Each structure stands twice: as structure tokens, then as C-alpha cells.
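Trainee: Coordinates for the following, if possible.
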Amino acid sequence: MQINFDKAKLGLAVLAFGFGISFSHPSYAVTPAWLNDDPQAIWQMSPGVYKQGNTWYAIFHAQPNDNNVKLYGAFTGWEAGGVALTPTPDGKFWWFKGTDSSFANTPQHGDEYRFMLERDGQTITVQDPAARWVTDSNLSTGMSKIYLSEHYQWQSNNWDRPQQHYFNIYQLHPLRFTSRNGTTPFAEVTEELNNSGNNDYINDLGVTAVQLLPISEFAGNVSWGYNPSFFYAIESSYGGPDALKAMVDEAHKNGIAVILDLEFNHVATGDNILWQVNNDTYLDGDTVWGGLYNFDNDVAKHFLIENVKYLAEEFKIDGFRFDHTNTIHNVNSSFVTVQGSGGGWQFLRELYGAVKAVDNDIWFTAEELPDWWGITADDLGSSVAGTSHAPMDSQWVDLFHDNFKAVISGDHLDRLYNVWGEYGDGWQDATVYTSSHDEVGNVDERIAKIARDGKGWEMNQISLAGTILARGTPMAFMGQEAGETTQFHIDWWDDRLDLNDYTSNAGRKKILDWYKKLNEIRRNDEVSIATGNSWVSHIHNENGIAAFVRDNGKYVVVMNFKGTTWFDYDVGISGKYIELANTSWPIYNLDNVTFASRGGEQSYEITNVHIPAYGAVVLMRDDTAAPLPRVEFKCDNATTVWGQNVYVVGNIAELGNWDTNQAFALQPTAYPTWTATLDNLPANTSFEWKCIKRDVGSVQWQSGSNNLANTPSTGTVTSSGSF
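Mentor: Residues are numbered from 1 along each chain as shown. Now for the predicted structure:
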């Protein structure tokens, strides 16, 4: 890290010559003054160069001994017409306020510019630390660019930020998501979510939010993005700010929220503009990844708080994920190698309050490792920036990921008791996942690669069922939805997902269709699934079966981690349920496993479940107010021999019209009494029926007269016969 910083410092000596510039050193003094004659005004403005209404602003922080700060660029006739900035009396900012006529030429969208100043007897030039747009991140040769907000005309003007229960997140890397659209990364992603009828991969997934790995300008063109050089600028190689707006616009037009990942726990070790401008202000301490941000400095805090407000307002961003927040607020974090002065907790609280004042529905989620529910607490007992809420709405749940993935990889099923419980002080505290960029990138552990018994694709299906239907906010990482096995290599790689293979490969498509079905189930009842209570109803490690229940039994998810197919398996539920999804259905069946299902078109009164090998079943309780007519059939004294079963046959189509091959099967629920309930019978109808024994030898009929039954208008009646 120190080597990189030294390079940045050495670069200052040659910056003035990077463009063939030769400066004189004027000695005139600038009288300090407050912006708008108000000591508070500058704190209410964002740093950087921008136009607000008809007014131009330039707000810049320099080192205490810097002098003669000027803004120059294409619109000033370059250096000779540089516009002087005024220092504030407290020495914390330099500022300019003017109109188009203040410059030699009206600043145009895309015009290049820099700041020049006197430091230690030399005139140097620097990029704008809060530039909205840059040619690239290079501190010596890169240029900041004028960005005019109105240059992009929004189309999704009816979009309102959704509340958290809406979110079902698909995490992706803009560059490495796809290359099949042959353009810049943002434009390639845009094509996959614009519902144009061509390459609409994201749009077709049924997700409600995309979360982008960091998109602030970073050194070079190939990176995960966790090395931001310019916090306000949008990565130029991705397409820049207007391309991001176009992507967000298309997402919003199609009901998809956009979440950005922000890297505030350290600063970059290469092309570090904050170190160059004033490392004493912006940096304080060190981490294993790079310099620790100075959270205890008012200028440094202002810079980041205004940064998040800018991203939210300028790009209509719906939420933010904050990388490794423990390093921000915990001076004793194991990732901090040199302690700073602290202040990170206060900073996070001020940030939360300031951004919530913009829109309370802007969502904050933290990577807080290990899990600490104080960061998402509903009430901290004190108010900062207008709120007593902790500084995050939600956090990535390490307990969920670690235990679920361990079982998927072959560990004991009892670890699942820690997965589908309840976290924090409310449903909203949990963001749950089995794959993220870290878990498939820092280590080579794609689920499809490390799954138990070599059943990678099947375990992928189980991982998605257990995540998408869990309490809280679910997230999947790109590729998980199609059984990807390739590691998401860090930074210097540029391998892309093969989306064409995902939609054409028969096996991958079955996983993909399963994911889409789960997303459909969640979206059809997003509030209940996000917020309803959750508990584990059954775990049996030897059998390989686990089940969890959602929203007081409204939904039941049953998973089989082993290779036995189970029929009539008791997982601790009963009632009238319909199967919403089952991995043994042909559309999802990966390895021709035995069909184990009661079907998906009608509901059944059940006390047990059919469970396919290495698969999952999703059930929903039938809560219709007026149940359709049902008859519970009972056949008493029905003793049988091995292989023989008991059925009901009668004079209506539902009972085979006396065809014994079409008879309705009963179950030995209290042997020798056999019972079962038949749904969806015609209302207010009389019919005749008898018990039969079948499947071994000749058919044996119940003796005596036919049994008589009458269906009700709604509800259930019981009709009995006897051998």
C-alpha cells in the first residue's frame, strides 16, 4: 500500500508537465469569504463542479497551505482563463459560484477540466475529487469532465422506490455478466432487462431488483470495483453516467429496482485522488485492503454523505449495499492494521439519516461480518440526523449462508436449524443468500461444483428454494440460477456468463426454469413470504429430509438432500395444500428421478408429502373461503395381503363409472380402515359407490348393497363402507 501511495506523491512533481503546461506563480492573495455569506451554505452543497439550475458551482477541498486554486478547462480557454476559487474563512473549502457568462465559453456536456493550485512553491494540477465523469482514473493524464444532469431525459417518470418486501435481488458484475450484445457493459446489461423481445435474460428471470458490484471509477478497466478512485464518477469503461441512467431507466420501466454496492471501508491503493489532494483529511489509519477512511473528519464525512445522496438522486438508485461495515465502525476490526481516530459509527448514523431524508424508501444493507444485529436495530435509544434507527435496514446473514452451504456441501442437516429461524428484531433485518461474489470468487466454491454426492445442479435447485422462499430479502449471484461451476475470479479476469447456454442447455434450463418458478411464487405473495414468520418443522439427517414453514403454515418447503424417493412422508404438517412446484416434475427433473408428486392443479387434504430424491417440494395451503365439495371415503375391515390395495369405485366419472381400473385409491391410515378424501366433486349430487381390493389376483368387491353418498354445496362429508 505504501508503495502505491508514494507513487501518487511522486506523481505530483510531474503533474504540471503532463499537458505541456508552464505556469507562472502569481502571489496575489484571495480574500476568504463564505459561500452566500453563510458559514453553513457550503455544507449543504455537494463537492465538485456542476450546474444547479442556472448556477454553476465549484467546491473543492485542498491542503491547508495550498494557494491560488483555479478551475480551468475547455470552457475557460484552458489555463490562461482559469477561474479563481475563493477560500472559506475556516480553510476547509475553496468555492466558485457563477453563471454561463462567468466563463470564456459556456461549459458543455463532456468538456474536460482540472483544478490547478500552488503547493510547496510549485503549480500543480489535479482532477476533481468529486468529478461526476472522468476520461479515466489516471492522476497524471486523466481529465475530469463536465456532466450536465439534463443531458439524459428520463422515461420512467412514474417509478416510485419500492419498499423492502418487494426486493428479490439478482447480484451481477456489469462487465462480466455477458458479452453477447457486443457493446459496453452497461449497455449489454440494459439489453438484457429492457423487455425488447430480444435477449431479455434478466427481465425473464422474474427478479425485482438487480444489485451491481461497485461502479464508481476505479483504476484500469478490469476489476471487481472494490478499489474506487473517484467516488462520484461512474466507471468510464462501463459507459459512464448516461449509460448507467439508461440501464436504470429500462430497469424501472420493467419493474426492477437497482441497488449499488459501495466501498467505504477503505480507499484505493492505485490512482487514489483523495490521497493526492489531501491525505491528512481523507485518510486516517490502514486496513489490509488499503488506507482507512477518516470518518472522524467533517470534510471527509461530508464528501461521502453527499456522494450517496448524489447517486440516489442523480441516478434514481433504490438502495445501497455497504461493503464490510464492521471495518467502518469497529476500530478493533481484525482487518484494521493501523487504527484511526474512529468516528465510523457516528458517520454511519449521520449518513443513514441524511439519505433517508431524501427518501425513506432508499434501502441500506450491510455486509456486517460476523452478524451483529445492533447495526439493524429498530431503536438505538438516541437520535442522530433525525432518526433513532440503527444505520442499516438489513444485513447479509452470515449464519444463513454458512450453515445452508455447509449442508449443501455434505454436512449434518442439524445445521439447518440455524437457517430458517428469525433474525434481529424484524423480518427486514435479514438479507439471505447462498452465493455472492465473495463466496464464489475469493474461494472456488460454486454450489454446483462443491455440492454433496456430486449432485451440483440438484443442490443448486435446493439452494434456490431455501433462499427465495426464506424470510427477509433473498439474493442470488449471477450464474447460480443456471448451475454455473466456473469460479468468479478476482479482478484481473474477464470471463463472462454464457447466457445462450443457460437458455439452450437442457439441464441448465431446468435449473433456470426452477428459479423463475420460485420467483413467480414469491412475487405472487411478496408480503407474506418476506415478512411472515419462519420455523423449521422437520429435520432427519439419516433420511436427508428437512422442511421449513412460512407465515403460520401458509407455505411449506420440503427438501431432500439424499437419493431416496419418499412417499407419504410426515414432515409435521396437515391441511388442504396444493403443490406449487416440485423438482420431479418433467420441466425441472434433472436426472430422471422418480416422479413423487400429488400434482399441481388442485389441492389435497394431506398429512404427509411425496418427496423426490435430491429435490424440493413447495406447498401452499388452500385458504379459499368456501371449500369445494369433498367426500372422505372410509372402508372398514379392509384386511389385505402383501401388494393388495383398497380403492373406491362408483357411478360418477370421478370414481371411474364402475371401471375398476379407474378407481380412486385409499390409504391404510388406521389399518384395517382405509381412507382418503376426494376433492372437486360436483355439488349437491347423489351417487353410489363400493370398496374394492385390487392389484393382487382378481378384484374383490365389498358385499351387499351399494353405498350411497350426497355431496354438499361446500365443505366435506364422510361416507363409509365395509368388507
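Trainee: what stretches of the protein score poorly on pLDDT?
Mentor: Counting by pLDDT under 70, the chain has low-confidence residues at 1-29, 625-628, 680.
Trainee: Swap in 80 and give it another go.
Mentor: 1-30, 491, 624-629, 669, 679-681, 714-715 (pLDDT under 80).
Trainee: Centre-most residue in it?
Mentor: residue 169 (3.1 Å; Cα atoms, centre = their mean).
Trainee: which phi and psi does it have?
Mentor: phi -100, psi 140 (degrees, to the nearest 10).
Trainee: What sits closest to it if chain neighbours are left out?
Mentor: residue 475 (4.0 Å; Cβ to Cβ, 6 or more residues apart in numbering). C-beta here means a position set from N, CA and C on the backbone, and glycine is covered the same way.
Trainee: any idea how far residue 209 is from the one you found?
Mentor: Per Cβ to Cβ, to the nearest Å, residue 475 is found 9 Å from residue 209.
Trainee: Overlap of the contact sets of those two?
Mentor: Common neighbours of residue 475 and residue 209, counting by Cβ atoms under 8 Å, 6 or more residues apart in numbering, are 169, 170.
Trainee: Please say which of the two ends up with more neighbours.
Mentor: Between residue 475 and residue 209, counted using other Cβ atoms under 10 Å, the more crowded position is residue 475 (27 against 24).
Trainee: Quick check: buried residues in the helix or strand where that one lies?
Mentor: Using DSSP states H and E, the element containing residue 475 is strand 473-477. Within strand 473-477, the residues scored as buried using 16 or more other Cβ atoms under 10 Å are 473, 474, 475, 476, 477.
Trainee: Show residues contacting that strand.
Mentor: 164, 167-172, 207, 211, 365, 394, 428, 430-433, 435-437, 439-440, 464, 467-468, 488, 515, 522, 530.
Trainee: Listing partners with orientation, what would you give for that strand?
Mentor: strand 169-172 (parallel), strand 430-432 (parallel) (DSSP bridges).
Trainee: For the stretch 201-350 of the chain, just list every one of the strands.
Mentor: Under the criterion DSSP state E, counting those that start in this stretch, the stretch 201-350 of the chain carries strands at the ranges 209-212, 216-218, 228-234, 257-262, 283-287, 291-293, 319-322, 336-338.
Trainee: of all these, which gets the most neighbours per residue?
Mentor: strand 228-234 (a mean of 28; mean count of other Cβ atoms under 10 Å).
Trainee: Give me the distance from it to the chain's centre.
Mentor: The chain centroid and the centroid of strand 228-234 are separated by 22 Å, computed with Cα atoms, centre = their mean, to the nearest Å.
Trainee: Note down every partner strand of that strand and its orientation.
Mentor: In the sheet, strand 228-234 lines up with strand 216-218 (antiparallel) (DSSP bridges).
Trainee: Residue 460: which of the buried residues of strand 473-477 is nearest?
Mentor: Each of those was scored against residue 460 by Cβ to Cβ, and residue 476 proved nearest at 9.9 Å.
Trainee: count of neighbours near residue 404?
Mentor: There are 26 residues near residue 404, going by other Cβ under 10 Å.
Trainee: hang on, the earlier thing: for the buried residues of strand 473-477, could you give me CSV that also reports distance to residue 373?
Mentor: Formatted as CSV, the buried residues of strand 473-477 follow (distance: Cβ to Cβ, whole Å):
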residue, distance to residue 373
473, 15
474, 19
475, 19
476, 24
477, 24
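Trainee: Can you tell me which of those residues is closest to residue 380?
Mentor: Of these, the one sitting nearest to residue 380 (Cβ to Cβ) turns out to be residue 473, at 21.5 Å.
Trainee: Is that closest one bridged to anything, and to what?
Mentor: For residue 473, the beta-bridge partners are residue 431 (DSSP bridges).
Trainee: gap between it and residue 526?
Mentor: Distance, residue 473 to residue 526, using Cβ to Cβ: 10 Å.
Trainee: related to what we said a few turns ago, of the strands of the stretch 201-350 of the chain, give the one that comes closest to residue 36.
Mentor: It is, among these and with distance given as Cβ to Cβ, strand 228-234, at 22.5 Å.
Trainee: Go through the strands of the stretch 201-350 of the chain and name the closest to residue 632.
Mentor: Smallest distance to residue 632 across these (Cβ to Cβ): 45.3 Å, for strand 209-212.
Trainee: mind listing what the closest one pairs with, with the direction of each?
Mentor: In the sheet, strand 209-212 lines up against strand 169-172 (parallel), strand 257-262 (parallel) (DSSP bridges).
Trainee: ok, back up a step: who touches the residue nearest to the centre of the chain in this structure?
Mentor: Taking Cβ under 8 Å, 6+ apart as the test, what residue 169 contacts is 207, 208, 209, 210, 211, 259, 431, 473, 474, 475, 476.
Trainee: State the distance from it to residue 503.
Mentor: 21 Å.
Trainee: same question, residue 720
Mentor: Counting by Cβ to Cβ, the gap from residue 720 to residue 503 is 53 Å.
Trainee: which residues in the stretch 101-250 of the chain form helices?
Mentor: Along the stretch 101-250 of the chain, counting by DSSP state H, counting those that start in this stretch, helices occupy 185-191, 201-205, 240-253.
Trainee: Show the buried residues in the contacts of strand 473-477.
Mentor: 164, 167-172, 207, 211, 365, 394, 428, 430-433, 435-437, 439-440, 464, 467-468, 488, 515, 522, 530.
Trainee: ok, how many other residues are close to residue 380?
Mentor: 15.
Trainee: from now on call the first residue 807
Mentor: Yep, numbering from 807; the last one is residue 1186 now.
Trainee: which residues touch it?
Mentor: Residue 1186 touches 1155, 1180, 1194, 1195, 1196, counting by Cβ under 8 Å, 6+ apart.
Trainee: that older thread, report the beta-bridge partners for the residue nearest to the centre of the chain.
Mentor: residue 1015, residue 1281.
Trainee: same question, residue 1525
Mentor: Going by DSSP bridges, residue 1525 is paired in beta bridges with residue 1439.
Trainee: what's it in contact with, if anything?
Mentor: By Cβ under 8 Å, 6+ apart, the neighbours of residue 1525 are 1437, 1438, 1439, 1440, 1495, 1513, 1514, 1515.
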